Structure formats: structure tokens, C-alpha cells
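Visitor: I'll drop the sequence and a predicted model, then ask my questions.
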Amino acid sequence: MTKRTPPFSPEVRARAVRMVMDHRDEQGSQWAAIQSIASKIGCSGETLRNWVRQAERDDGLRPGPTSEESERIKALEREVRELRQANEILRKASAYFAQAELDRPFRR
């Protein structure tokens, strides 16, 4: 699995979110501010809206997992997936060796 590099740096994201927060009163609505700023930085309005929503969650203004919590959840899910794979390998190996033990001639 290859890592994807986001097209916008964290600094650009943070600046865009700050601009939306600063200009939402001037534009009349948050969505109008998002549309205006998104066109200026070259991303879609939906992308910028997602950045703003995540920033609001990180600041405690909106319910939901923060960025840190999301990263922790992803790491734990990855660990669970790896452990399940390891358990499956061990279960199959155990069954294989148990069958080999049963197939072996009885020694006295």
C-alpha cells in the first residue's frame, strides 16, 4: 500500500480554514465564504467544507472525533487487522501440524 501525498500542505489548509472563519460574516453564510475562498486556492468547495468541519471538531465546536482521535482509530484498526491475520496463520499452522501428528504412525 503506497502513501498518498495530499495536494495541499497543512499550512495551506490551515490558512484556508482561517480565511473562512474570518470572512463568513462578510459573505452572509459560511458556504458563501467557502465557495469564494475555495475558488481562490484552487480546491473544490466540498473539500474546503470538509477541512472547516474537521477544524471545528478539533476546536470542540462540533461533535465528532478530532484529528488525533481519527488517527488513533486508524492505527488501532490496522493493528486489529494485522493481529487477525496473524491469528489466522497460527490457526491454520496449528491445524496442519495437528493433522500431521494424527497421520504419523503410532510408535510403541
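Guide: Thanks, I have the structure now. Numbers count the residues shown, from 1 in each chain.

Visitor: And the helix or strand containing residue 89, how far out from the chain middle?
Guide: Element membership for residue 89, per DSSP states H and E: helix 67-103. Distance of helix 67-103 from its chain centroid, counting by C-alpha atoms, centre = their mean, to the nearest Å, is 22 Å.

Visitor: avg pLDDT for it?
Guide: Taken as a whole, helix 67-103 has an average pLDDT of 93.

Visitor: helices and strands around it, which ones?
Guide: Packed against helix 67-103 by the contact rule (3 or more C-beta pairs under 8 Å, 6 or more residues apart in numbering; DSSP states H and E) you find helix 45-58. For every residue, glycine as well, the C-beta is placed using N, CA and C.

Visitor: Tell me which residues of the helix it packs on come out buried.
Guide: 47, 48, 49, 51, 52, 54, 55, 56, 57, 58 (16 or more other C-beta atoms under 10 Å).

Visitor: just stretch 29-44 next, same as before
Guide: Residues of stretch 29-44 classed as buried by neighbour count (16+ other C-beta under 10 Å): 30, 33, 34, 35, 36, 37, 38, 43.

Visitor: now, which of those lie within helices?
Guide: Those of the buried residues of stretch 29-44 mapping onto helices are 30, 33, 34, 35, 36, 37, 38, per DSSP state H.

Visitor: Give me the distance between residue 49 and residue 11.
Guide: For residue 49, the distance to residue 11 equals 19 Å [C-beta to C-beta, to the nearest Å].

Visitor: any idea how the protein splits into domains?
Guide: When the chain is parsed with automatic domain parsing, its domains come out as 8-64, 66-108.

Visitor: ranking those by burial, who's on top?
Guide: Counting by mean count of other C-beta atoms under 10 Å, domain 8-64 has the highest mean neighbour count of those, with a mean of 15.

Visitor: Now do that one: distance to the chain's middle.
Guide: Centre-to-centre, domain 8-64 and its host chain are 19 Å apart (C-alpha atoms, centre = their mean).

Visitor: All good on my end, thank you.
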